[in-house]
Structure formats: C-alpha cells, structure tokens
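>>> I'll drop the sequence and a predicted model, then ask my questions.
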There are 2 protein chains.
Amino acid sequence: MVETKPAEVSEKGDSKKGAKKEARKAEKEARKSERKVQETVDNASPEEDVSVGKYGNLGLIQSGSLSPSRSFTDVRSLNRNLAGKDVWIRARLHTVRARGKQCFMVLRQREFTVQALVNVSETISKAMVKFCSNISKESIVDLEGSVVDLGKKGVAGCTQGEIELLVSQVWVVSVAASQLPLQIEDASRPEKSDDAESLRIRVNQDTRLDNRILDLRTPANQAIFRLEAGVCRLFRDTLTVRGFVEIHTPKIISAASEGGANVFEVSYFKGSAYLAQSPQLYKQMAIAADFDKVFTVGAVFRAEDSNTHRHLTEFTGLDLEMAFHYHYHEVMLTIGDMFNAIFKGLRDEYAVEIAAVGNQFSVEPFTFLDPPLVLRYNEGRALLAEAGVEIGPEDDLSTPAEKLLGRLVKAKYDTDFYILDKYPLAVRPFYTMPDPENSLLSNSYDMFMRGEEVMSGAQRVHDPQLLTERAKHHGIDVSKIAAYIDSFKYGCSPHAGGGIGLERVVMLYLGLDNIRKTAMFPRDPKRLTP
Amino acid sequence: MVETKPAEVSEKGDSKKGAKKEARKAEKEARKSERKVQETVDNASPEEDVSVGKYGNLGLIQSGSLSPSRSFTDVRSLNRNLAGKDVWIRARLHTVRARGKQCFMVLRQREFTVQALVNVSETISKAMVKFCSNISKESIVDLEGSVVDLGKKGVAGCTQGEIELLVSQVWVVSVAASQLPLQIEDASRPEKSDDAESLRIRVNQDTRLDNRILDLRTPANQAIFRLEAGVCRLFRDTLTVRGFVEIHTPKIISAASEGGANVFEVSYFKGSAYLAQSPQLYKQMAIAADFDKVFTVGAVFRAEDSNTHRHLTEFTGLDLEMAFHYHYHEVMLTIGDMFNAIFKGLRDEYAVEIAAVGNQFSVEPFTFLDPPLVLRYNEGRALLAEAGVEIGPEDDLSTPAEKLLGRLVKAKYDTDFYILDKYPLAVRPFYTMPDPENSLLSNSYDMFMRGEEVMSGAQRVHDPQLLTERAKHHGIDVSKIAAYIDSFKYGCSPHAGGGIGLERVVMLYLGLDNIRKTAMFPRDPKRLTP
C-alpha cells in the first residue's frame, strides 16, 4: 500500500500574503519533488507492479495508534559480520544515480555512509527503481535491505565500504526540496592546500552560515560539535571530582561591572540593564559565600565591533574560581591540570571525531606536556628578545608577538599548550592582585593553545580597602562598583580563577582557522541569524 | 611574630568622592574591628606575652615567595578518631564568647561547625584570649588545635559535637565588618510552623537577597545549591549515556521567535535584537542538522511582569530535543526515565544536603514511581470532575486546578511526579503536532512535581506545509517565522522534546515555597541586584 500525506496537508498553495518569496519557492519545489515521486508510483498500476506495498511516501509521521514498531540498525554498525542479514536503516539520501535497471543510492547517517542497490528482479519492479532514482537528495528514507559482503575491494567513498545493502523496501519519511542552496559533497570537500581536489568547487563561509542546517550535516561539522560537547563534559567532570560546585550566574545585570565599555544594553521593563561580559563578579561572590570552588558554563556577551577570526559577540564561557590557602599557584596548577585532563580525554575518546575533521582540514596533532609547561612572563620576553622582538617590561604582548612566542615555545619545548605567569601589573584589570615582592608584576597568568590565548586568570584582590585603592589608581569611579567592593567586606578567602572561551579551545585544539567553525550558530557584529 | 597588613593597605580613609555612604561605613567598621584586634595585640608587650607568634592578623595573603605550606583538615572530617592529634583548620568564626580566662569559639565551614576553646595556660596568654574574643563574627581564621574527645554528651549545636579543639594558634586571614546586615544564626533558624523557635527572629526575603553573600552561608543554602548542581549533573550524565549531544544555542536573536510578547529587547550595535525566550528553534535546527538527540543548559529570558512565587525573568533552562522513529512516546518516556534518574540520584547521593534543608524547612520526602505514572489529559479532567471541578475538553488547567490534581494523584497513586499526556490542541503553541486520530487533541505532554508544572513538551510539526497551515490558524504572520519554517524544508526527522526549569525542579523537589530560594542571584521584575 502506498500511503499519501494526510488530507489536511495535501492541498495547499496560496500562501500569498506575507510568506517570503524564497520560502514559497522552496515549498513549491518540495511539492514538485513530492508530486514527481507520487506520479511515478501512480503510473504503475497495481496489477503490473510487483513491488506495490514495498515503496512510496510514508506520509507524515504523526504518532498514530497503528505506528509500526521496527528495529533499526545504525549505519556506523553495518559491517561484513552482518552479511546475509536483513536490516532496516533510517538515513538521508546522500546521492542517487540510476543506471539501466539499477539504482545506486548512498545513504548517510551523520559521518557514516553506505551504498544501497535497487535492482530490478522478480520482487523489485522497474517502477520501484524509477521511484528511488527520483527521490530528492537529503530526503530521509526508511530502507530495508540485506547486507551483501563486497570483500576487501568494496565501494570507494563510503565509510561502510566493505558491504552494500540489496534493497527490498524504500519509504520516504521526509522529502527535501529538490533545489539545495549548497551541496553536502561540496561543503565536505577537503580544504587541504596540497590536495588535487582543492581546485574543485568550495562553499564560502557566509553561504555555509546562511544555510547552517545543511552545512552542519557534513562529517567534519558532525565531529566538531560532538568534540565540543566533549570539552564541556571533560571540563565539568574534572572539576566536579575535585570538589568544585557548578553555579549559574545572571546574564542580566544592573550595572556594567567591568568598566562599562563593550557592553550590550537591554530594555528591562521601564528601566534598562546590561548583558554580563563575564560571570566574574558572581563567581567571586560565590567564593565570598563559602562555596570554595565553583565553575559555571554559560553565555558571555561582548559588544566589541571586532570582525576577526577569533572574536564573537556571544560565546560560551567556561569559568572557574577557587579559594586557596596561601599561594595562587594552588589554583593556577589546578587549571593547568584540568586542561591536561581535557587534552587527554579528547585524544583518548574522540579519535574518530579528530580524524573526521582531519579528512577535511589539515590538522597537526595537538601536543602537550604533563605537567604543563609554566613560563614566567619575563622568560617569554627573553625568548622573544632572542628572536629579535623587544617587549617592554610593562607592555602587553601583541597578537603577533603571542603567536611568535607560541612558535618559539613549540620549537624549544614541543608543546602546543603552556602557561605564562606573572604578567605586568600595568596591563591587567584593577582587581588583579599585585605581586608582593615586585611592584611591576602581578599574580596573574594567561594560558595558550597553538600560540593563541584561551584563558586569562589571576589572583583577585579580596581586601575591600586594597581593591578601592587599585580601582582609584585605574581611574575608576568607585561609587559605580561599590556593590563589587562590598562583596568582600564580610570576610573572604584569598582566591584565584579564570575564564576560558569554549569555541576558541575547540578551534585551536583542532587547528581550525576561524571561530565561526566552532560556534554552532555564531554571533558577530554582522551576523544575528540564523 | 605578629604580622600586620602591608603598608600600601594600612593607611587609607578619604574616599570622599563617589563612594557610597554605605560602603564607607562598612569599610570604617572593618578598619575599626581590625584596629581593635591589632590594639589588643599591641597592648601586650612581647616580654609579658607568652603567646607572641601564636596569634594575630596574618596580613593580606598575597602569594609571597615565603608562603607557608600547611596541611588543613576539613571541619566535616573532625571526629573522635583524631583525638590527641594537632590539626589546622581554616574556617569562619561563627560565634565567640569569653568567660573569665576562657574564650569559646564556634568555627563554621559550610554546613559544618566545631567548638574551639582558648584557655589561659602556660603557653596561652590572657592577651591571646582577649584577642580571640574580639575577632568579629564571619572573619576567616587559621586555627591550630588539638582534638579533644568530649564523649557522647559533647557540645550541643555543633555538627562535630563529640569533639572540640584546644587552641594553640589563631591567625586572622580576613576580617569581617563588625556590623553584619543579618546574622547567620537568624538566617539559619528553622521555619517549621510547629517549632518553638518560630517565635524568634527571622530574616525576611528581601533582606536575605540584598545581602545574598551572607544569606548563602547558611547550612540550608549551602545544601540547596550543591543539590542544584547535582540536578544539572544528573540531567546531563543520564542523557549523555543515552547518546545525546550537548549544544549551545544563541541567546541574542534577531527576531522574537515565539509570538513576540514577553521578550527583552537588546541594543545591537546600530540595530536591535532580542533575548531568546527558549532555545527551541535552535534545538530543532540541530535535529534538522542530524544531531539526532541534543540537550542544552543555559539562561532563558522571559519579560513577564509576574511577581509570583514561581516566576523569574531569567532562569536556567534544561532543554532537550530528540528524533524518534514512529511515535513521540519514544521521547516522552525517555524524558520520564531521565526524571527518575535525577530523583534516584538525589535520593542516593544528596541525603546530607536534603537533611540540611530539612533542618530549616519542613520537607516531606519526595515520592515517585518507577516507571513514572502517565495519565491522559482526559483522565486528569475526570479525576478533577470527581472532585467537583469541571474543566472543558478544550480548556487548559488553571494553576489551582493543577495543584488540586497533584493532590488527587498523590492520594490515589502515592507519587509526587507524573506525566499528563495528550493536551487539547487548542491550548498548545502552533508548532505542536495535532493528534492524528482526534482533532481536539495534540501529541503534547506536561510533567508535574508536587502538583506544579516543571516541564512542557510535545512532538513538533516537522513538515513545512503543515507548520505554515497551523501558524496561519493561530493568526501568526507567516512571513515573520519564515526562517523557522524553512528549517524543515530540506528533510527533517520527526522529533519531540521539552524544556525544564532548573530552579523549579529544585524548589519542588525540596518542597520549598519560593523560587527565589533556588536561584543563587534571582532576577524578577523588581530585582536586578546583586
């Protein structure tokens, strides 16, 4: 039996008012490809078609009481051990090509692909082969077939290449519009500069982001965002085992805590408010409230008009703060160990994902030392000076200097991760604890991956009087940060912490060139959609 | 040797300009109590004071190169097995009381308290006892003492009551202002209505929230937010094991996706944008992009001017979305099982925290069935009708009706958690999948804890044509949601999901009466600070 879509859906068309032209066009195309499929089926009268009841449009899956219950096999688990078995898969039609009495389909499920063959036979009609060859790419199908062992030679270009499926049933679950704004094959093509493929068609970044739903279907993107979830999990699990407590800090705040620049304003009922540029004040308040060791994962907002490869206006912050007994290195080394736990976890648990990204982008494996390398800022300056780049003792590192230092450190120590400790006091925020023995320095550190900063942190001033003094020294109107200063007046443990940009960590771990590749739906000064 | 604060901190005072009066007053008080402590020490000349070098102000902990390295014992692990041992603890001074030649201190570390006795002796001077009795409450001290076994009778009112510490050293790490806006003892007092204590002083909610740093130090609050972290962890771990992928969805969006009411507007460079009222569109896009099963934990914003016990303008959403094969019950039951995994985890791993909350608030233990109870909406209506409350077949449940139904279900099935399935189509959003067999109903469900809704979910319409039709039926301008509808035009699996309010789950699990008790820094129409 060939089911059709329910009546309430099958007759439509005049969405004149309002609906965007684009949307109308796409809808029309979707209907067209559905009609095409349906006509193919209708043209074959039941008497002639030996395959009736074995193919067609499944109709809208609406959870009816007669819903089939069927066991599906994942594409990734299809292999030669299943030879001779009948399996059902639900997957996307990646490519389709008819050749005489045969139709070759490649089915894709996330990063995994398998070939299916529809072959005219006693049970498979010509009409069924024609139906299959007319299904639009990216449609989702339920397909039954028996697993055929193809031996070692197999099918080139399929991840499950040693087998194919000899098809017995094909049902379309969801039809894709026949015109796609980008082809998954194009979007998946290797971008290695030395590759012969590199002359072929590519998809530019704006087209990708404008059609992010399609772009995200590439094997590399499937892998990137699974790995990103892994970074978050490893961050939290490592800290939880060490006694950290997860907290949630407000994003809507009454005053721009960190100076007031680069902050988004929000209408708040009859007044106005701001979006938090970091959870720092709240992490520190949690320390003052005896939570001792805390972390938080959440959105962070920066109204910077920076259109670079590594800035976003909204990103995911992995923040932590920790009370210590006598020295902030207790915290700094805890953070360093936490990074190493993330790197080990990715290496050991995400090899498949790292390889999938490597198939599209040139990725050098990420190296790190255990325990991590700690250099003092002045040692970093000395390395740069040897290479002919002078940085003043109270100057910050420029981005090019950071990158050069990353290369120098890599050459000397063979590590893509290191910690730079004891920054000049002058280049750090007012709440940074000064070094007690050298008035030019501070108890602060940055951490780097492949020469780019992924974390900035420090011991914070936990004494209200010194904090007031430091704020005034920086020319900050103390009345505007009174609430912050007051946080420390009822006793507070010495503490340190830091903030990590999730998307940067993933970008740099994988050696990618743009942070928009590691934000699922990136936000920058020019992009607010999708 | 009695150390003092570094010179750069010791002389301050004229913060005339700008600094709030309040802040100045508090600072003055902090200085006053520091001076008081210092004078006590200074009055005792070294020749007379046998305890010199055993007590005083430690001075600002600034991570100097000569920082002591000392092993500290947690207050919670102090017990009779340590009798005779010398230990160092770092804790807050909870209460202090001098009696002749003795000073009794109660030290508090999170939920745990222990008594320490400073007793004039050959090694402990009168001056040291006086110093200790003058330390302001809530100051943080490093204290060395030997563990004394007090036997079964012990010290009433201390969690580690079977022992006390006989003090040998006391160093003040961080001084608290001597005037506290609320007393931790008052804020910790039991609120059980049948308690004799209930006539004594209480701290009202605004005072608590205005001074949240102090309020959060109570044993009940320490427990609430540790348990809240547990809910998040159990949510994520349960879903991760089942193959869900964590995603991060943008909070700044270009258009108000769900109708446009109750949305906060943000200035975005030269234009404007909105804060997302839910991650739903993005979760669904992740499904359309083949991520199959996703969850996200993050801030959700509602510009509702509701000043109730259970509404916040910003809360933490635990959201999930999942593709299914043929019936949305595959998803609904996955969510039900996930709730049960949370309830079991809390019961088994957070007994100490649940008891700590129970010491202050009357909490009936939370009951649940395994597997969870699923009722159809019409069954719920029938139960209400039996109790004399008629709800029309196309009407939603009012809050009082929900609460009554919760009591009826509890009486009949002995469960504080249940799922109500098959809501009337008329009361659900346009993107809810209609029931295929009864046009009045929909494939949607709510989940309840102690009679209040904690999750709302449904199968979503994944067909662009039906979605357009449903939107028009609801009078929605289709052009404004074209991007949403377009998400489904390139093939999309049938899917369902739901959104959970974290603070509500914790409030209702613990049987608390106000959601401001389970948001660390709550936001409502009238509160944006701290």
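In hand now; what should we look at? Fair warning: this is a prediction, and the values are worked out from it, not measured in the lab.

>>> where exactly do the helices run in the stretch 251-400 of chain A?
Across the stretch 251-400 of chain A, reading from the start of the chain, the helices by DSSP state H, counting those that start in this stretch fall at A:280-288, A:329-349, A:351-360, A:377-386, A:399-413.

>>> deepest of the ones you listed, which one?
Stretch with highest mean neighbour count among the helices of the stretch 251-400 of chain A: helix A:280-288 (a mean of 25; mean count of other CB atoms under 10 Å in any protein chain shown). All C-beta spots, glycine's among them, are computed from the backbone N, C-alpha and C.

>>> who are the packing partners of that one?
strand A:293-301, strand A:314-323, strand A:495-501, helix B:212-215 (3 or more CB pairs under 8 Å, 6 or more residues apart in numbering or on different chains; DSSP states H and E).

>>> now that helix and strand A:495-501, what's the angle there?
Here helix A:280-288 runs at 140 degrees with respect to strand A:495-501, directions being taken by axes from the mean of the first three to the mean of the last three CA atoms, to 10 degrees.

>>> quick check, A:Leu216 in contact with A:Ala223.
No: no contact is recorded between A:Leu216 and A:Ala223 when judged using CB atoms under 8 Å, the distance being 11.0 Å.

>>> what is the neighbour count of the spatially closest residue to A:Gly336 that is not a sequence neighbour?
With CB to CB, 6 or more residues apart in numbering or on different chains as the measure, A:Pro372 is the residue that lies nearest to A:Gly336, at 4.2 Å, once sequence neighbours are left out. By the other CB atoms under 10 Å in any protein chain shown criterion, the neighbourhood of A:Pro372 contains 20 residues.

>>> how close does A:Pro372 sit to A:Met447?
When distances are taken as CB to CB, to the nearest Å, A:Pro372 and A:Met447 turn out to be 8 Å apart.

>>> could you name every residue contacting both of those two?
Both A:Pro372 and A:Met447 are contacted by A:336, A:339, A:417-419, under the criterion CB atoms under 8 Å, 6 or more residues apart in numbering or on different chains.

>>> closest one of those to chain B?
Minimum distance to chain B across these is 15.1 Å, recorded for A:Ile419 (CB to the nearest CB).

>>> give me phi/psi at that closest one?
Geometry field for A:Ile419 lists phi and psi as phi -110, psi 130, criterion degrees, to the nearest 10.

>>> which residues does it bridge with?
A:Val374, A:Met447 (DSSP bridges).

>>> need the contact list for it.
Residues near A:Ile419 by CB under 8 Å, 6+ apart: A:332, A:336, A:372-375, A:445-448.

>>> ok, the closest residue to A:His309 other than its chain neighbours - contacts?
Sequence neighbours aside, A:Asn514 is the residue nearest to A:His309 in space, at 4.8 Å (criterion: CB to CB, 6+ apart). Residues counted as contacts of A:Asn514 (CB under 8 Å, 6+ apart) are A:205, A:309-310, A:507.

>>> what residues are up against A:Ser487?
Under the criterion of CB under 8 Å, 6+ apart, the contact partners of A:Ser487 comprise A:281, A:284-285, A:288, B:213, B:530.

>>> and the pLDDT for it?
Confidence per residue is given as pLDDT, and for A:Ser487 that number is 93.

>>> what parts of the stretch 351-500 of chain A come near chain B?
A:433-437, A:443, A:459, A:462-466, A:468-469, A:472, A:477-480, A:482-483, A:485-494 (CB under 8 Å from any CB of the partner chain).
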